[in-house]
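**Q** Okay, here's the prediction I keep looking at, along with the sequence it came from:
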Amino acid sequence: MLAARVLERSRADATEAIITSEHRALTRFTHEFIHQNVDIENLSIRVRAIVDGRTGVASTNAADDAGIDAVVQRAMDIAAFAPRPADVPVLAARSDVTAPPAAYVDATANATAEQRATVAAAIFAQAAANDCWCSGYVTTSAGGLTIANSAGANASFDGTESGANVKMTAGDSTGFAERYAPDARVLDGTALGARAAAKARASADPLAVDPGEWTVILEPPAFGELVMFLGSHFSAQSYDEGSSFLSGRLGERVMGTGVTIRDDYAHPLHPDAPFDREGTPKQRLALIENGIARTVVTDSTWARKLDRANTGHGQPAPNAQGPYPLDLVVDPGNASLDELIAGTKRGLLVTRLWYTRIVDQRKTILTGMTRGVRNLRFNQSLVDALETCTFSNDQQRTGGYAYALVTPAVKFNRFTFASTTNY
């Protein structure tokens, strides 16, 4: 076992080895033509050596004996020059963890370029049938994670991912669809292409609307672009340092009573590793429950600093970012998306947002732009918007380059658009 070989070669007082392997494949297309196929395999060895209370970290992708000896020695050498913290780092102990069901699917791990091309071809057919052109990608990946240390921790996880992202462009309008799942066999190019094309047709001849306060229904891809910015607020580090809207407010109602946000590594739409990057078992947590701020996530460092339990949300230590919830889930409501739309007298339905950025971290004020109607720029506190909202009854997996989460669609009764654009 590679991690065991690393530990055997270390002369440090304490040693941690994180082994990650990945096989990622990506098929990209535009104008009904596959223009790029990427297939990457990589193995990474990260060593954390603790010597006399000091920590050194080094990484390599050389897995032979010489490479392992070199990276272990480099970590120890770095530790010799590192400052000695007030509290000596404590490594995770051994614990039993169980991966969530269906996190790894052989069909995804063994997917071929031809299979991805078949999904893309079905999307192309929908573009042709609807007088559109399309762009996007189909991706499949498999990865492994092992964390072992000299304190006895030894945990491993294998997972797969697949996804398809489709943008359809008509004469003066666009449409979007996406699907992500551990099992690549559920990627339906025909359904995705048809949905994106229908969105493009429905938004033809886009109207210009006035900025101001609107009733807005955000579908999961759009709402996910906002929810991702809440992740850092649930960190014990941001909570303690005062950059979180939760700071000093645990136990208080901070959102509408219909809002429950969890961190759940075992959700069937997004099964993830059952342990964090320190080897500590993850806890499944209600972060916001019926609008009430219940807890924040911790790692070994911040659990000690705040005298709280370690919830198993550590990133590779040491790090400046602190603990982080990687598996956010927004609970669904009772109405279907169609019912949310039918119950809206005047409002906007938004499938996707773009160029979303933070304006004020503590107040959760975000800015970004719509697609569909003549583009609008929003400037809105997400926490304020979640005070009066209604969720649809179906959840979807959504994501981007830096995040993955599960959410229903949401209807905001008050959502502020600050300006319009001419395109």
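**A** Great, that's in hand.

**Q** looking just at contacts, which helices and strands does the longest strand along the chain meet?
**A** Ranked by residue count, the top strand of the chain under DSSP state E comes out as strand 33-51. In terms of contacts (3 or more C-beta pairs under 8 Å, 6 or more residues apart in numbering; DSSP states H and E), strand 33-51 is packed against helix 2-8, strand 14-30, strand 54-60, helix 65-81, helix 113-129. Heads up, the C-betas are built off the backbone N, CA and C, glycines and all.

**Q** Of these, give the one that comes closest to residue 139.
**A** Proximity to residue 139 (C-beta to C-beta) singles out strand 14-30 among the helices and strands packed on strand 33-51, at 4.7 Å.

**Q** Strand partners (parallel or antiparallel) of that closest one?
**A** If you go by DSSP bridges, strand 14-30 pairs up with strand 33-51 (antiparallel), strand 133-149 (antiparallel).

**Q** Mean neighbour count, mean pLDDT and distance to residue 259 added to the helices and strands packed on strand 33-51, as TSV?
**A** Below are the helices and strands packed on strand 33-51 laid out as TSV (neighbours: other C-beta atoms under 10 Å; pLDDT from 0 to 100; distance: least, C-beta to C-beta, whole Å):
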stretch	mean neighbour count	mean pLDDT	distance to residue 259
helix 2-8	17	96	41
strand 14-30	20	98	34
strand 54-60	19	98	38
helix 65-81	17	97	44
helix 113-129	19	98	35
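
**Q** Would you tell me which one of the strands paired with strand 14-30 is buried the most?
**A** Mean neighbours per residue, mean count of other C-beta atoms under 10 Å, is largest over these for strand 133-149, with a mean of 22.

**Q** Break down the stretch 101-250 of the chain into its helices, ranges please.
**A** 106-109, 113-129, 189-202, 220-227, 236-241 (DSSP state H, counting those that start in this stretch).

**Q** picking that back up, tabulate the strands paired with strand 14-30 (a markdown table), appending distance to residue 218.
**A** Shown next, in a markdown table, are the strands paired with strand 14-30 (distance: least, C-beta to C-beta, whole Å):
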| stretch | distance to residue 218 |
| --- | --- |
| strand 33-51 | 31 |
| strand 133-149 | 21 |
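
**Q** Can you add mean pLDDT and distance to residue 418 and give those back as TSV?
**A** TSV is the format used below for the strands paired with strand 14-30 (pLDDT from 0 to 100; distance: least, C-beta to C-beta, whole Å):
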stretch	mean pLDDT	distance to residue 418
strand 33-51	97	37
strand 133-149	98	29
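
**Q** Below-threshold pLDDT in this structure: ranges please.
**A** Along the chain, the model assigns pLDDT under 70 to residues 372-373, 422-423.

**Q** swap the cut-off to 80 and go again
**A** 371-374, 401, 421-423 (pLDDT under 80).

**Q** domains for it, by residue range?
**A** The record's domain split for the chain, according to automatic domain parsing, is 2-202, 212-420.

**Q** From the opening residue of the first one to its closing one, how far?
**A** Length of domain 2-202, first residue to last, C-alpha to C-alpha, to the nearest Å: 54 Å.

**Q** just the last one next, same as before
**A** With C-alpha to C-alpha as the measure, domain 212-420 spans 10 Å from end to end.

**Q** So residue 163 is in contact with residue 179, correct?
**A** Yes - counting by C-beta atoms under 8 Å, residue 163 does reach residue 179; the two are 6.6 Å apart.

**Q** list residues touching both of these two?
**A** residue 187 (C-beta atoms under 8 Å, 6 or more residues apart in numbering).

**Q** Beta-bridge partners for residue 411, please?
**A** Beta-bridge partners of residue 411, as defined by DSSP bridges: residue 217, residue 390.

**Q** Of all the strands paired with strand 14-30, which one is nearest residue 378?
**A** When the strands paired with strand 14-30 are ranked by proximity to residue 378, the top entry is strand 133-149, at 24.5 Å, counting by C-beta to C-beta.

**Q** Give me the angle between the closest one and helix 189-202.
**A** Per axes from the mean of the first three to the mean of the last three C-alpha atoms, to 10 degrees, the angle that strand 133-149 makes with helix 189-202 is 130 degrees.

**Q** Let me know the secondary structure of the residue lying closest to residue 377 once chain neighbours are set aside.
**A** Spatial nearest neighbour of residue 377, excluding adjacent residues (C-beta to C-beta, 6 or more residues apart in numbering): residue 419 at 4.8 Å. Using DSSP: H, G, I helix; E, B strand; the rest coil as the criterion, the local structure at residue 419 reads strand.

**Q** distance of residue 419 from residue 365?
**A** Taking C-beta to C-beta, to the nearest Å as the measure, residue 419 falls 15 Å from residue 365.

**Q** returning to what we had before: what's the offset of the longest strand of the chain from the middle of its chain?
**A** Relative to the centre of its chain, strand 33-51 is centred 18 Å away, using C-alpha atoms, centre = their mean, to the nearest Å.

**Q** now do stretch 8-17
**A** With C-alpha atoms, centre = their mean, you get 32 Å for stretch 8-17.

**Q** repeat for stretch 227-247
**A** 16 Å.

**Q** in that stretch, what's buried?
**A** Across stretch 227-247, burial judged by 16 or more other C-beta atoms under 10 Å covers 227-239, 244-247.

**Q** cool, and stretch 374-387?
**A** Buried residues in stretch 374-387 (16+ other C-beta under 10 Å): 375, 376, 378, 380, 381, 382, 383, 384, 385, 386, 387.

**Q** Out of those, which is nearest to residue 145?
**A** Nearest to residue 145 among the buried residues of stretch 374-387, counting by C-beta to C-beta, is residue 382 at 30.9 Å.
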